[in-house]
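Undergrad: When you get a sec, could you give me coordinates for this:
(one chain, ligands or ions: 1)
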Amino acid sequence: MLEKFRRAKQAEVDELIRLRDAGHRHLPFDGPRPKFGAALTRPGTSGIIAEYKRASPSRGDINLSVPPLQACRGYAEAGACALSILTESTYFKGSLGFLSEVAPLGLPLLRKDFIIHPLQVEATMATPASAILLIVRMFDDLDELAQLHALCLTNGLEPVVEVFDERDLDRAKEIGSTIIQVNNRDLDTLTTDLGRCLDMVRRKEDGEIWIGASGISTPEQVSTLKAAGLDALLIGTALMQYENPGQGLVRLSGGQS
Ligand SMILES: O=C(O)c1ccccc1NCC(=O)[C@H](O)[C@H](O)COP(=O)(O)O
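TA: This is a model prediction of the structure:
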């Protein structure tokens with residue numbers, strides 16, 4: 001699956017290279033970038049990162065009718081501590097422009113995409129994103145991942161490093177990741193197993209912020225995962241299935257907002 005994503009991204013990277021070679025430069029966004037990691041661990045936070053996700057490889061179209069600002073305003077009102085915005089277009093029907101659309105809400109934004117090249121980091125710097133997803137498995141060469149991770153930090157973008165198994169986690173720790181996201185999805189079958197993040201969170205160390213992602217759909221799961229030590233939970237499909245995704249978040253938070 002990741003190989004398909006990599007191929008889809010190569011066209012975008014080729015275009016970014018073409019633009020760079022033609023002298024185009026992305027101007028960095030000069031507005032506020034609220035701290036992402038700090039928002040996940042602030043006392044009293046819901047610890048829920050609500051995702052704007054229109055479609056996915058596992059579900060096809062999820063919700064194409066609710067625009068980003070409307071959905072994310074609902075999330076903000078329902079107490080989301082941060083927003084995850086899928087910007088990948090081919091498989092998730094996302095867009096980089098969604099980040100600017102929802103920035104006025106003032107919540108920290110995670111750019112969720114398949115990042116493989118420094119020019120994609122530069123392009124992200126031109127948006128209001130506070131954080132960017134780096135998926136360990138997208139890199140055969142750990143040095144490449146380490147360099148992108150360092151580039152993000154140098155530019156004030158918080159890298160969220162995503163792992164699927166213990167080997168990914170070893171590599172994430174080797175490059176000094178401090179925000180670690182465990183994805184519960186099996187990339188071959190696209191099924192989810194919350195046991196993944198429950199098992200792996202035992203390796204959480206001081207100074208690390210851990211996020212559990214994928215397949216979370218009930219208030220009971222939210223409670224169990226938080227009790228196990230996950231600082232935050234990233235939830236997309238279970239919220240986006242609602243006509244009003246903010247309403248989905250109210251239900252998932254047990255009616256509290
Ligand atoms: O969502 C998918 O089908 C998917 C398939 C293959 C790779 C990644 C995929 N999703 C990206 C994500 O990480 C999820 O959007 C995120 O964790 C939220 O998951 P969910 O709450 O299950 O929508």
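Undergrad: what's the strand or helix carrying Cys72 packed up against?
TA: In this structure, Cys72 sits in helix 68-77 according to DSSP states H and E. Judged by 3 or more C-beta pairs under 8 Å, 6 or more residues apart in numbering; DSSP states H and E, the packing partners of helix 68-77 are strand 48-52, strand 82-86, helix 97-102, helix 245-252. In this view, the C-beta of every residue, glycine as well, is placed from N, C-alpha and C.
Undergrad: Which element, helix or strand, includes Glu144?
TA: For Glu144, the element it lies in under DSSP H and E is helix 142-154.
Undergrad: and if you look at Pro159?
TA: For Pro159, the host element (DSSP H and E) is strand 158-163.
Undergrad: tell me which residues in the helix or strand of the chain at the bottom of the mean pLDDT ranking are buried?
TA: When the helices and strands of the chain are scored by mean pLDDT, DSSP states H and E, helix 2-21 comes last with a mean of 91. Neighbour counts over helix 2-21 (16 or more other C-beta atoms under 10 Å) mark 5, 9, 12-13, 16 as buried.
Undergrad: Could you dump these into a markdown table with distance to the ligand added?
TA: Converted to a markdown table, the buried residues of helix 2-21 look like this (distance: C-beta to the nearest ligand atom, whole Å):
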| residue | distance to the ligand |
| --- | --- |
| Phe5 | 7 |
| Lys9 | 13 |
| Glu12 | 17 |
| Val13 | 19 |
| Leu16 | 22 |
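Undergrad: What is the distance between stretch 142-153 and the centre of its chain?
TA: Centroid separation for stretch 142-153 versus its chain: 17 Å, with C-alpha atoms, centre = their mean, to the nearest Å.
Undergrad: Dump it to PDB, keeping only the CA atoms.
TA: C-alpha atoms of stretch 142-153 as PDB (Å, rounded to 0.1, in the frame of the first residue of the first chain):
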ATOM      1  CA  LEU A 142      17.100   5.800   8.000                       C
ATOM      2  CA  ASP A 143      19.400   8.800   7.300                       C
ATOM      3  CA  GLU A 144      16.900  10.200   4.900                       C
ATOM      4  CA  LEU A 145      14.200  10.100   7.600                       C
ATOM      5  CA  ALA A 146      16.600  11.600  10.100                       C
ATOM      6  CA  GLN A 147      17.400  14.400   7.700                       C
ATOM      7  CA  LEU A 148      13.700  15.200   7.100                       C
ATOM      8  CA  HIS A 149      13.000  15.000  10.800                       C
ATOM      9  CA  ALA A 150      15.800  17.500  11.500                       C
ATOM     10  CA  LEU A 151      14.700  19.800   8.600                       C
ATOM     11  CA  CYS A 152      11.200  20.000  10.200                       C
ATOM     12  CA  LEU A 153      12.600  20.900  13.600                       C
END
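Undergrad: Averaged pLDDT, it. What do you get?
TA: If you average the pLDDT over stretch 142-153, you get 98.
Undergrad: got the buried residues for it?
TA: In terms of neighbour count (16+ other C-beta under 10 Å), stretch 142-153 has its buried residues at 145-146, 148-149, 151-152.
Undergrad: ok, so of those, who is nearest Thr127?
TA: Among those, Cys152 lies closest to Thr127 (C-beta to C-beta), at 13.1 Å.
Undergrad: do you know how far the closest residue to the closest one other than its chain neighbours is from Tyr52?
TA: Closest residue to Cys152 apart from its sequence neighbours, by C-beta to C-beta, 6 or more residues apart in numbering: Pro159 at 4.2 Å. According to C-beta to C-beta, to the nearest Å, Pro159 and Tyr52 sit 20 Å apart.
Undergrad: which bits of the stretch 1-150 of the chain sit near the ligand?
TA: Contact residues, the stretch 1-150 of the chain versus the ligand (C-beta under 6 Å from any ligand atom): 1, 51, 53, 56-58.
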